[in-house]
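> could you look at this predicted model? Sequence included:
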Amino acid sequence: MASQPDFASDVFNRNPAAGIAALRARGHVVEVRFPIVGRVWLTTTHETAAAMLKDSATFSLRKEDGEVAGLRWWMPKSITVVADNMLTMDEPDHTRLRGIVDEAFRRRAVLDMQPHIRTIADRLADELFAAGRPADLIQRYARILPVSVICELLGLPLADRPAFIAWANAMNRLKGPISLLRMMGSLSRMRRYLEQRLQAAREEGGEGLIAELVQVEKERGRITRDEMVAMVFLLLAGGSETTTHLISGSAFELLRDPARRDWLAADWSRLGLAVEEFLRFVSPVQFTKPRYVRREVELGGVTLKKGDRVMAMIAAANIDPDVHESPDRMDLARKPNRHISFGTGIHFCLGHQLARIEAACALEALFVRWPRLRLAVKPEQIRWSGRPGIRSIDKLPVVAGS
């Protein structure tokens, strides 16, 4: 196996384009060793990533015996239960579960939440330096906003928000098998907590998506109790974790280049295009989950055998020069922008609208309140979390510039 970038390193995360270029030079589909997952084939172009993700019959998330592609034999039940969700399911189970959550989402008008999300963002921006200066923009802002919004959307008590933030921080320290085993206790506690909230909703009703899901469960009977726990766990994690990294990564790009910040602040109607470019350029989710190859197939000039595992590299697709002009350059006015940061095919991200709204509200509220916000350290001193597959900043210290 040829040498490969260290996907968890600061070197790779500071400049993914260099490592991706080296991978792409080896081919459109290359073999790598990925932390926890092990040996896996990796796509390096937009075309191969899209082809793989759209062909769920050939590239499935589970073996024929139902085993999830990314799970390993040594992983305990606390992992396997929450991993048994619609994000790791093929047809027809994926459509069954997606239909349930889509129905619940339709009852909660996500687009109508924008003014309320902006209100939360404005309050958090006002309180950014309440605990002193410099402030860590991630812990004081970028993490709190998505957690607050998804808690309200699900109907979880805001009083429990510190527990969710602590859990999210633990998730961000997930870098390999040892750290995975260390967080077993917190995963088990989270699972028990969600089971209790679901049971309370069954007995007492309530507001939010959990109550809506329970109602759908009663009306249709199309979901098991373990699937319901996994569903809420997925919504809580997916509705907060990656959006945190989108907000913090976008803010970092504006802070390290004040000219871009000033260009955006001069006309906030440009924000929609800018968010799409942040999604492409920052690419918080760098890789998809592994898929099993169900039959021998050629992909990107490589013959994959039945039983092989393959992952789509979203970050590589998003800077493919065959699709994007000057892909290594951030252009906040880029149009068209054919990124696949929300995936494609049947697993296209359910929360794409919510993520876009939260990122837009977060950035505008932050830089309207603090127009001269600046980094408290040099950009090259910013450390990355080192979590493979997720591009996330560890800490983002900021001060209010004069």
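Received it, and whenever you're ready, just let me know what you need.

> average pLDDT for the lengthiest helix in the chain?
Assignment by DSSP state H gives helix 184-204 as the longest helix of the chain. The pLDDT scores in helix 184-204 average 82.

> next SSE after that helix?
helix 209-220 (DSSP states H and E).

> may I have that following helix exported as PDB, CA atoms only?
What follows is helix 209-220, C-alpha atoms only, in PDB (Å, rounded to 0.1, in the frame of the first residue of the first chain):
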ATOM      1  CA  LEU A 209     -40.000  15.900  17.300                       C
ATOM      2  CA  ILE A 210     -39.700  13.200  20.000                       C
ATOM      3  CA  ALA A 211     -43.500  13.500  20.700                       C
ATOM      4  CA  GLU A 212     -44.200  13.600  16.900                       C
ATOM      5  CA  LEU A 213     -42.100  10.400  16.400                       C
ATOM      6  CA  VAL A 214     -43.900   8.700  19.200                       C
ATOM      7  CA  GLN A 215     -47.200   9.700  17.700                       C
ATOM      8  CA  VAL A 216     -46.200   8.300  14.300                       C
ATOM      9  CA  GLU A 217     -45.000   5.100  16.100                       C
ATOM     10  CA  LYS A 218     -48.500   4.700  17.700                       C
ATOM     11  CA  GLU A 219     -50.300   5.400  14.500                       C
ATOM     12  CA  ARG A 220     -48.300   3.300  12.100                       C
END
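
> check which helices and strands the following helix or strand past that helix sits against.
On the C-terminal side of helix 209-220, the closest following helix or strand by DSSP H and E is helix 225-238. If contacts are counted by 3 or more Cβ pairs under 8 Å, 6 or more residues apart in numbering; DSSP states H and E, helix 225-238 sits against helix 77-83, helix 93-107, helix 144-154, helix 161-172, helix 184-204, helix 209-220. Glycine gets a C-beta too; all of them are placed from N, C-alpha and C.

> measure how helix 225-238 sits relative to helix 144-154, angle-wise.
Counting by axes from the mean of the first three to the mean of the last three Cα atoms, to 10 degrees, helix 225-238 lies at 150 degrees to helix 144-154.

> for helix 225-238, buried residues please.
Glu227, Met228, Val229, Ala230, Met231, Val232, Phe233, Leu234, Leu235, Leu236, Ala237, Gly238 (16 or more other Cβ atoms under 10 Å).

> what angle sits between the longest helix of the chain and helix 209-220?
Using the same axes, to 10 degrees, helix 184-204 lies at 60 degrees relative to helix 209-220.

> look up phi and psi at the residue nearest the centre of the chain.
Residue closest to the average C-alpha location in the chain (Cα atoms, centre = their mean): Thr242, at 3.0 Å. In terms of degrees, to the nearest 10, the main-chain angles of Thr242 are phi -70, psi -30.

> wait, it touches Val285, no?
Yes. The pair Thr242 / Val285 is scored as a contact, 5.6 Å apart, by Cβ atoms under 8 Å.

> residue contacts, the closest residue to Thr288 other than its chain neighbours?
Among residues not flanking Thr288 along the chain, Ala312 sits closest, at 4.4 Å (Cβ to Cβ, 6 or more residues apart in numbering). Contact analysis of Ala312 by Cβ atoms under 8 Å, 6 or more residues apart in numbering lists Thr43, Thr48, Ala49, Met52, Leu53, Phe287, Thr288.

> show me where the stretch 251-400 of the chain has its strands.
Here the stretch 251-400 of the chain has its strands, by DSSP state E, counting those that start in this stretch, at 291-293, 297-299, 302-304, 309-311, 373-375, 397-400.

> ok, the third one: who's next to it in the sheet?
Pointing back at strand 302-304 there. Sheet pairing here is set by DSSP bridges, and for strand 302-304 it gives strand 297-299 (antiparallel).

> contacts for the strand it pairs with?
His28, Val29, Trp41, Thr43, Thr48, Ala51, Met52, Thr58, Thr303, Leu304, Val310.

> who wins for neighbours among the residues you listed?
Thr43 (30 neighbours; other Cβ atoms under 10 Å).

> distance-wise, check Ile357 relative to Tyr141.
16 Å (Cβ to Cβ, to the nearest Å).

> the two: which has the busier surroundings?
Comparing Ile357 with Tyr141 by other Cβ under 10 Å, the one with more neighbours is Tyr141, at 24 against 20.

> from the contacts of strand 297-299, which land in helices?
Filtering the contacts of strand 297-299 for helices - DSSP H - leaves Thr48, Ala51, Met52.

> nearest residue to the first one other than its sequence neighbours?
So that's Thr48. Gly300 (4.1 Å).

> number of residues surrounding that neighbour?
19.

> list the contacts of it.
Gly27, His28, Val29, Thr43, Thr44, Thr45, Glu47, Thr48.

> burial measure for Pro115, as a count.
By the criterion of other Cβ under 10 Å, Pro115 has 8 neighbours.

> and it, that one's in a helix?
Yes. Applying DSSP: H, G, I helix; E, B strand; the rest coil, one finds Pro115 inside a helix.

> from Leu350, how far out is it?
22 Å.

> shaky segments in the stretch 1-150 of the chain?
Applying pLDDT under 70 to the stretch 1-150 of the chain flags residues 1-2, 65-87, 89, 103-109.

> contacting residues around Arg291?
For Arg291, the contacting residues are Met52, Phe59, Ser60, Leu61, Ala69, Arg309, Val310, Met311, by Cβ under 8 Å, 6+ apart.

> and these, which is closest to Glu207?
Proximity of the contacts of Arg291 to Glu207 (Cβ to Cβ) peaks at Leu61, which lies at 32.6 Å.

> in this structure that closest one contacts Thr288, no?
No. With contact defined as Cβ under 8 Å, Leu61 does not reach Thr288; the gap is 9.5 Å.

> between the two, tell me which one has more neighbours.
Taking other Cβ under 10 Å, Leu61 and Thr288 do not tie; Thr288 has more neighbours (26 against 21).

> quick one: the more buried one and Ile382, what's the gap?
Per Cβ to Cβ, Thr288 is found 26 Å from Ile382.

> in this structure Asn337 contacts Ala274, no?
No. In this structure Asn337 lies outside contact range of Ala274 using Cβ under 8 Å: 10.2 Å.

> those two: who's more crowded?
Ala274 (24 against 18).

> measure that one to Ala359 for me?
Taking Cβ to Cβ, one finds Ala274 at 9 Å from Ala359.
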